[in-house]
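Novice: Next one to model:
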Amino acid sequence: MKTKRLVIKQKIMATLVVIVMLVMVFSTLEYKRILADSNVLVNVEVSAGTLSMSTVTAFNLSGITVGTATNSKNNLLVVNAIDYRGTGAGWTVAMYASNFNIVNRATGTNNLSNAVAYITPGTLGNYNSASHTGIAVGAAGALSASRTLFNAGSTYGMGAYYLGNSEYNLVYNGNAALLAGFYNSTSTVTIV
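Specialist: Numbering: from 1, shown residues only. Have a look, this model is predicted:
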C-alpha cells in the first residue's frame with residue numbers, strides 16, 4: 001500500500017511538474033506574442049523653416065555709345081528660392097527695375113526708362129533632388145512692371161531651387177540726346 005501511495009504521489013508530482021512546465025512554456029509564448037503585437041507611439045515635433053531667396057548683389061552691363069542702337073546684355077547668374085516652411089503654400093520670385101539714372105554728374109539730369117530693361121528667365125534647377133513638378137519659369141519681358149522669374153504652385157516648391165543664367169538686356173535705341181556718363185538702376189528681386 002505504501003508503495004502504491006508513493007507511486008501515486010510520484011505520478012501526481014510528475015503530472016504537476018509537466019503542467020507547471022507547460023504553463024511556463026505557453027505563458028512565455030504568449031508573452032512573446034504580446035511583445036510582437038505591441039505598438040509604440042513615437043511623437044516628434046517638426047518646426048517650420050523659412051521662405052527665402054538670394055541672388056547676386058550687383059553686375060555690369062556692357063557699354064553703349066550715344067547715337068548707336070545696341071543691346072547691352074549680361075547674365076543674372078543664379079537666383080535661389082528656398083522654401084523650408086513645410087506648408088506647401090507655393091511662392092513666386094519676381095523682379096522689377098527702377099529707371100537707369102545718371103550718377104556722378106555735376107549738372108544735368110537724364111535717365112534711361114526701365115521700359116528698355118528686359119529679363120529673359122533662364123534654366124530651372126534644384127538642390128537636394130527637390131522635385132520640379134509644379135515649378136514654372138516665367139516669360140521674358142520688360143522690367144518696367146514686376147516680372148515673374150519662376151514660381152511654385154500650391155502644394156509644390158517645397159525645397160531649394162535655382163534659376164540660372166537669366167539674361168538681363170538693356171535695349172538702347174540710339175537716342176542722340178542721351179547724356180554720356182555712368183548710369184545705374186536698382187533691380188528688386190522678391191519672393192512671396
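Novice: how about the one helix or strand T190 maps to as PDB, C-alpha atoms only?
Specialist: Element membership for T190 (DSSP states H and E) is strand 187-191. Included here for strand 187-191 are C-alpha records, laid out as PDB according to Å, rounded to 0.1, in the frame of the first residue of the first chain:
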ATOM      1  CA  SER A 187      16.500  95.800 -59.600                       C
ATOM      2  CA  THR A 188      14.400  94.500 -56.800                       C
ATOM      3  CA  VAL A 189      14.100  90.700 -56.600                       C
ATOM      4  CA  THR A 190      11.400  89.400 -54.300                       C
ATOM      5  CA  ILE A 191       9.900  86.200 -53.100                       C
END
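Novice: strand partners of it, parallel vs antiparallel please.
Specialist: strand 91-97 (antiparallel) (DSSP bridges).
Novice: any idea which helix or strand comes after the strand it pairs with?
Specialist: strand 100-103.
Novice: The strand holding T190: which residues count as buried?
Specialist: S187, V189, I191 (16 or more other C-beta atoms under 10 Å). (C-beta placed from N, C-alpha, C; glycine too.)
Novice: quick one: average confidence on that strand?
Specialist: Mean pLDDT, computed over strand 187-191, is 95.
Novice: can you list the residues that contact it?
Specialist: 51-53, 55, 79, 81, 91-98, 117, 143, 146, 149, 168 (C-beta atoms under 8 Å, 6 or more residues apart in numbering).
Novice: likewise stretch 78-85?
Specialist: With C-beta under 8 Å, 6+ apart as the criterion, stretch 78-85 contacts 48-56, 91, 93, 149-150, 152, 157-166, 189, 191.
Novice: what's the domain layout of the chain?
Specialist: Following automatic domain parsing, one finds the domains of the chain at 1-43, 51-191.
Novice: Worst mean pLDDT among those domains?
Specialist: Here the domains of the chain differ in mean pLDDT, and the lowest is domain 1-43 at a mean of 72.
Novice: Only the buried subset of the contacts of strand 187-191, as a ChimeraX command please.
Specialist: Of the contacts of strand 187-191, the buried ones can be selected in ChimeraX as follows, counting by 16+ other C-beta under 10 Å:
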select :51,53,55,79,81,91,92,93,94,95,96,97,117,143,149,168
